[in-house]
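# whatever this is, show me its structure:
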Amino acid sequence: MTRVIRYIFNDILRTRFILFYTGFLLLSTFALFQLDSDFGKIVLSLLNIVLMVVPLVSVVFTTIHFFSSYEFIELMLAQPINRKVIFLSEYLAVASSLCMAYLIGVGIPFIMFSAGQNVISLLVIGVFLTLVFVSLAFLSSVLTRDKSKAIGIALLFWFYFSLIYDGFVLWIIYTFSDYPLEKVTLTLIAFNPVDLARIIMLLQLDISALMGYTGAFYKNFFGSNMGVLFSSSILFLWAIIPIYIALRIFHKKDL
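Numbers count the residues shown, from 1 in each chain. Prediction:
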């Protein structure tokens, strides 16, 4: 399995997309440091980029790579190699390459400018989001043989979690504003990895005071050991469940 992962990983690096992705993150982070000297504002600005760009790049690149590797996958399946090994090797190679690009692109500038605790949280959240949306992209890829349909499904995942879901939550909050919704919104946040990542980072930046009583509730919850365990577990499940479902489909799929 290690050899397969190494081969796929090296093949991904030869496409140079990872270098382009790393360069984009490096330039964006360095540019933010040139525009402002306040670490809090820089992290907040970078958070907006991470929440939009990282999921989008993850779903699009993963889906395109999967269909570009279809002949290689079929060739490997003709060998005495378990389907599970091939599929998980593809996932681990893609996920590790994107995570490496993210950590280098965002991490190096902050190390050079003496990063703080908030940056560590941002790096961890970015890695989690990468794993989650790579899993969702693999799920969309095994649902159909049509490349354009798979990319459409993957983009729908991104569009739903990044844009549509927030409107749905705001509608619920506005409609039922006369009722205590703290626990309800906490549940709704758990169903969206992007929102969960956003709330965790905003609380790390001490912006909860601007969110009123709800912000105080989130601060007390996510600041506790139970909150840290809850958020970590939910993001972990978001990364594991889609790839598990995709693996089950791939194992039974007639290629």
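
# list the buried residues for the helix or strand hosting Ala246?
Assessed by DSSP states H and E, Ala246 sits inside helix 225-252. By neighbour count on 16 or more other CB atoms under 10 Å, the buried set for helix 225-252 is Gly227, Phe230, Ser231, Ile234, Leu235, Trp238, Ala239, Pro242, Ile243, Ala246, Leu247, Phe250. (Each C-beta comes from the backbone N, C-alpha and C, glycine too.)

# now do stretch 113-126
Quick answer for stretch 113-126 (16+ other CB under 10 Å): Ala115, Asn118, Val119, Ser121, Leu122, Leu123, Val124, Ile125, Gly126.

# need those residues in TSV with secondary structure, can you?
Putting these into TSV (DSSP: H, G, I helix; E, B strand; the rest coil) gives the following:
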residue	secondary structure
Ala115	coil
Asn118	helix
Val119	helix
Ser121	helix
Leu122	helix
Leu123	helix
Val124	helix
Ile125	helix
Gly126	helix
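
# let me know the average pLDDT across stretch 76-92.
Computed over stretch 76-92, the mean pLDDT rounds to 86.

# how far does it stretch from one end to the other?
16 Å (CA to CA, to the nearest Å).

# in it, what's buried?
Met76, Arg83, Ile86, Phe87, Leu88, Ser89, Glu90, Tyr91, Leu92.

# cool, and stretch 37-47?
Neighbour count says stretch 37-47 has Phe39, Ile42, Val43, Leu44, Ser45, Leu46, Leu47 buried, by 16+ other CB under 10 Å.

# farthest pair within these?
Phe39 and Leu47 (12.3 Å; CB to CB).

# sorry, back to before: between the buried residues of stretch 76-92, which sits nearest Val106?
Leu92 (21.1 Å).

# now the angle from the one helix or strand the closest one maps to to helix 225-252?
Assigned by DSSP H and E, Leu92 belongs to helix 83-112. Helix 83-112 runs at 140 degrees relative to helix 225-252, counting by axes from the mean of the first three to the mean of the last three CA atoms, to 10 degrees.

# thinking again about what came up before, and the buried residues of helix 225-252 as CSV, adding pLDDT?
CSV is the format used below for the buried residues of helix 225-252 (pLDDT from 0 to 100):
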residue, pLDDT
Gly227, 67
Phe230, 80
Ser231, 80
Ile234, 89
Leu235, 89
Trp238, 93
Ala239, 92
Pro242, 94
Ile243, 95
Ala246, 93
Leu247, 92
Phe250, 89
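
# quick one: contacts for Leu123?
Tyr102, Leu103, Val106, Gly107 (CB atoms under 8 Å, 6 or more residues apart in numbering).

# let me know the closest of the residues you listed to Leu155.
Distances from Leu155 to the contacts of Leu123, taken by CB to CB, are shortest for Tyr102, at 19.8 Å.

# and that closest one, what's its pLDDT?
94.

# so which of the buried residues of stretch 37-47 belong to helices?
Phe39, Ile42, Val43, Leu44, Ser45, Leu46, Leu47 (DSSP state H).

# what's the closest of those to Arg16?
Of these, the one sitting nearest to Arg16 (CB to CB) turns out to be Leu46, at 23.9 Å.

# how about the contacts made by the closest one?
Ser28, Thr29, Leu32, Val106, Leu122.

# 7 Å - rerun?
Shown in contact with Leu46 (CB atoms under 7 Å, 6 or more residues apart in numbering): Thr29, Leu32, Val106, Leu122.

# so what's it scoring on pLDDT?
87.

# Pro180 now?
Looking at Pro180, the pLDDT reads 67.

# check Ile49 too.
pLDDT, Ile49: 87.

# hang on, it packs against Ser28?
Yes: the pair Ile49 and Ser28 passes the contact test of CB atoms under 7 Å, sitting 5.8 Å apart.
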